[in-house]
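Q: Kindly return the folded structure for what I paste below:
(2 chains)
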Amino acid sequence: MMTRMVMQRIGIGFATLIVVSIIVFIATSILPGDVAQIVLGQSATPETLAALRAQLGLDQPGYVRYFSWLGNMMTGDLGISKAGGATISSLIGGRLGNTLMMAGWVAVISIPISIALGLWAAMHPGTWLDRIVTFGTLSLISVPEFFIATVAVLILAVELRWLPSTAYMTGDESFLQLMKALAMPLITLVIVVSAQMIRMTRAGILNVMSSPYIEMAILKGVPRGRIILRHAFFNAIGPIINVIALNLAYLVSGVVIVETIFAYPGLAKLMIDGVQTRDLPLVQACAMIFCATYVVLILIADVGSILSNPRLRNPK
Amino acid sequence: MNREKLFEVKDLRISATNDDGEEVPIVKGVSFDIHKGEVVALIGESGSGKTTISLATLAYTKPGLHFAGGECQLFGKDVLTMPPLAQRELRGGNVAYLAQSAAATFNPAITINEQVTEAAVLHGRLTQQEANERAIELYHALELPDADRIGHRYPHQVSGGQLQRLMAAMALCGKPDLMVLDEPTTALDVTTQIEVLKAFKKVIHEENSAAVYVTHDLAVVAQVADHIVVLYSGEIMEQGSADQIINHPSHAYTKRLMEAVRPKPEAGQGVELTHEHHRDIDNIEVKDMTAGYGGIVDGEPVIPILKDINVSVKNGHVVGVIGESGCGKSTLARVMAGMLPPARGDIILDGKKLEGDLHDRKLEELQKVQFVFQMADTALNPKQLIGNIIGRPLEFYHGLKGKEKHAKVAEILEMVELPAAFASRYPMELSGGQKQRINMARSLAANPEVMLCDEVTSALDSIVGANVIKLLTALRDKTGVSFVFISHDLSTVASFADEIVVLYAGRVVEQGPTDEVLEPPFHPYTRLLISSVPELRIGWLEDTMKKREMAVGIARGVEITARGCPFYNRCPLAIEGTCELKTPPTLELERGHQISCHLTLEQLQEAEAEAQKILLGYEKLGQEDPQVHVP
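A: Here you go, the predicted model:
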């Protein structure tokens, strides 16, 4: 039964990607003006436009263009940037690396901290430390990330002058220099994503803590720490995995504001640039990467939830 | 009693703090002793404080309550004033707790063995190795199937009755000085209850441990207790030896509790409707219906539950549906309500065929068939006012609004015997019995022709449950509504239903007028059910266990089979080579009474006469030697 459920989830994930690709393709197609107009700009005449369209294949019907686009994308050919002429793969390549590096570091730092803090808050509900965590995370969730970023810049870069305010990278810096360059966006993002994960962990655990089997554990004289780690955590893990997955996806696709503030050369910023220059193939490619990230991460979370459920892992 | 005193409860007081910060006493100065090897029963209806008192032996109170005075002494040391670390050692170490619902009390994510051995190992009473061995010993003693390996399973992989026994193993593993059993059999089928009671009694006897047994059911108490404490509203009404309380109760409240003990399911209790509403026409009818879960392939459900069901409910009649859990009782109601479209067969309302899926039914058809769910706690939206809960169907089906709706809500509340002021309360503020009334009021608001009541009294204690039945009877007289009343409690059904349908493993094994079904000849399964209803008599359990139907039927569970008679493997009268292979024919008896069995009427009557003979023999035996013990 479990294998079937996992396969089903994977199938749904794949179908979602196809649907998303259609939506992305249609959305970029209905934008006014096509690539030919953008490339030719002011100098366009009907003849040159028609010629360029024929050259780019833009005169073919929509579904043909969709399938050739999809086919190219599957084989790793993301096309050529209509604005600059460089291949999109080369444009995206470096940026994707930067984005994944940042997301990776944020995840490595924030996930253990969040789960530890969430568990810790759940172990001592109602104490003033728990209240600080609850209130602190609520405030941080409510505050927009650019505000956190700005405050961080103000304190750490302007006042204390400990860290650079921009994440400028040359590509040949030492690890320490790299860390220093990354520090500001890293701190901002860790704060932003941890707040949610801490709250979810705490809420998930406390929700389970009111179950009869937890009361039973108390009546068996199990110490509170063991109750939380052994009896509550594995029953609360499903929602926690999901929040982690959503936050990781956000780290790949949703961090454009943070990237902009710190001038960090990430993928989200590249997409915004693509929108500004009407570089549609670039926008399409970025959109697909973002969607694929979401779908894959949610898929992992779903499978994780299924695997963490003993009812599904060990059928009758 | 000259046994050593183990535990002493002295003038115990427990209070709650209400929203205004006032102290509300819950337990008002209770004292009793527990000796080694003794079972002390705390009995009383819900709200009597019996669970609260039992938890005090573990120095624990439910959230919102606190100890306000008195002492609980284990070996002369007060557990209430111990430091927290010592209290933790006490819990699961010296005193072990067994909760009402094992299904909710076992952690779904941890294997059974780890949970059973956890406390014993944690408190250093046994090493993991010793605990594992002890657990397996206990599984054998509790007669669990596959005892050597059952511990490796997860809680969802064993049955409810098995879990309840596994919880006993969990409590006994660390050899506690005292066990606290909180309504350990209340949620079980009668047949499972016997099995669990028998196992409990055996291990308590063998281990010579002391126990506090909390229940509202006097008939159960009569089987296990040595000493009985009768509680009402946090005070002791009377206490004494089991014999004294059961056979010579002196307090009026004890007598009242005894009256609320479910009567033996016998013929002649149901009141047949002779009222203007009574008409012998079919109200709702199910014809040749087969249903199950997991979708339908080639006209057969993937996971079959019900097979070839024919049931009809006449106008203004009450049809009781009985059977153990897993027999398909709720499924039958779900099919009638349209929540589960059948694979085959028809549902007919007032002579007209209904669509199988409720989404395809017309508004007035929906209105005529209403469902009352078992758990009022989960069926009522906690965020909605009672007025809105009852008002919603009024608006939806009858388009009532504003003042009209208000007036009707008040009227319906009056019908379920609740004050109109309840409309502005939330479900949380009501007691269990009141919530169940609201649950029924919501169905009544639709002004239905048929109400499908799914185990509506099962979660209530006997006094509250009896009041709900009284209400249902009154409602039927007043409105002429028909009831399909699903219950695993044969006594309740016997006192209320006009007709009884006995379901076993998804098939109707016997049906007919209540008086016919409850009189011989019986289907062997009906016989098993009737014998399993506990009687208010010391020694009943031992006598019953000697009966033939118990020997074969009690330890095995319901299995849905593809062919033959599904009761074959639990039937003392089974004919090998016939019963497991061929679908049993239906014997048509008087007044529409039907029994599905391979035995002939004569054979069934003969078997019954023989059973009576044996029974009489035992009763004589019991009189000569009143202390009959488990063999």
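Q: use CA for all of it now, contacts and neighbours both
A: Will do.
Q: what residue lies at the spatial centre of chain B?
A: B:A187 (4.1 Å; Cα atoms, centre = their mean).
Q: Now B:S250: phi and psi?
A: Torsion angles at B:S250 (phi, psi; degrees, to the nearest 10) stand at phi -110, psi -30.
Q: who in the stretch 101-250 of chain A is up against chain B?
A: A:211-214, A:216, A:218-223, A:231, A:234-235 (Cα under 8 Å from any Cα of the partner chain).
Q: Neighbour-wise, give me the winner out of the residues you listed.
A: Highest neighbour count within these, by other Cα atoms under 10 Å in any protein chain shown: A:K220, with 29 neighbours.
Q: Excluding sequence neighbours, find me the nearest residue to that one.
A: Leaving aside its chain neighbours, A:K220 sits nearest to B:G92 (3.8 Å; criterion: Cα to Cα, 6 or more residues apart in numbering or on different chains).
Q: in what helix or strand does B:Q511 lie?
A: strand B:507-513 (DSSP states H and E).
Q: And the strands in the stretch 1-150 of chain B?
A: B:5-17, B:23-35, B:39-43, B:65-74, B:77-78, B:95-98 (DSSP state E, counting those that start in this stretch).
Q: got the ones you listed as a markdown table, with distance to B:L430, mean pLDDT and mean neighbour count columns?
A: Converted to a markdown table, the strands of the stretch 1-150 of chain B look like this (distance: least, Cα to Cα, whole Å; pLDDT from 0 to 100; neighbours: other Cα atoms under 10 Å in any protein chain shown):
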| stretch | distance to B:L430 | mean pLDDT | mean neighbour count |
| --- | --- | --- | --- |
| strand B:5-17 | 17 | 91 | 19 |
| strand B:23-35 | 17 | 91 | 19 |
| strand B:39-43 | 23 | 93 | 28 |
| strand B:65-74 | 18 | 90 | 20 |
| strand B:77-78 | 36 | 90 | 16 |
| strand B:95-98 | 27 | 92 | 27 |
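Q: Compile those strands into a markdown table and extend it with columns for distance to chain A.
A: Shown next, in a markdown table, are the strands of the stretch 1-150 of chain B (distance: least, Cα to the nearest Cα, whole Å):
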| stretch | distance to chain A |
| --- | --- |
| strand B:5-17 | 18 |
| strand B:23-35 | 20 |
| strand B:39-43 | 19 |
| strand B:65-74 | 15 |
| strand B:77-78 | 17 |
| strand B:95-98 | 7 |
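Q: Reformat these into TSV and put distance to B:P521 next to each item.
A: Below are these laid out as TSV (distance: least, Cα to Cα, whole Å):
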stretch	distance to B:P521
strand B:5-17	50
strand B:23-35	46
strand B:39-43	37
strand B:65-74	53
strand B:77-78	58
strand B:95-98	40
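Q: What does A:Q196 show for phi and psi?
A: phi -70, psi -40.
Q: correct me, but it touches A:T134?
A: No - counting by Cα atoms under 8 Å, A:Q196 does not reach A:T134; the two are 10.4 Å apart.
Q: tell me which element A:L186 falls in.
A: Per DSSP H and E: helix A:175-209 holds A:L186.
Q: continuing past that helix, what's the next helix or strand?
A: helix A:212-219.
Q: Please work out which residues outside that following helix touch it.
A: For helix A:212-219, the surrounding residues in contact (Cα atoms under 8 Å, 6 or more residues apart in numbering or on different chains) are A:208-209, A:224, A:227, A:231-232, B:58, B:60, B:88, B:91-92, B:96-97, B:99, B:104-107.
Q: Is the residue in the stretch 501-631 of chain B positioned nearest to chain A part of a helix or strand, or is it coil?
A: With Cα to the nearest Cα as the measure, B:E559 is the residue of the stretch 501-631 of chain B nearest to chain A, at 14.1 Å. Three-state call for B:E559 (DSSP: H, G, I helix; E, B strand; the rest coil): coil.
Q: what about the residue lying closest to it once chain neighbours are set aside, distance to B:T561?
A: The shortest distance from B:E559 to any non-neighbouring residue, by Cα to Cα, 6+ apart, is to B:A505 (6.1 Å). Separation of B:A505 from B:T561 (Cα to Cα, to the nearest Å): 8 Å.
Q: Of these two, which one has the most company?
A: Higher neighbour count among B:A505 and B:T561: B:A505, with 25 against 15, using other Cα under 10 Å.
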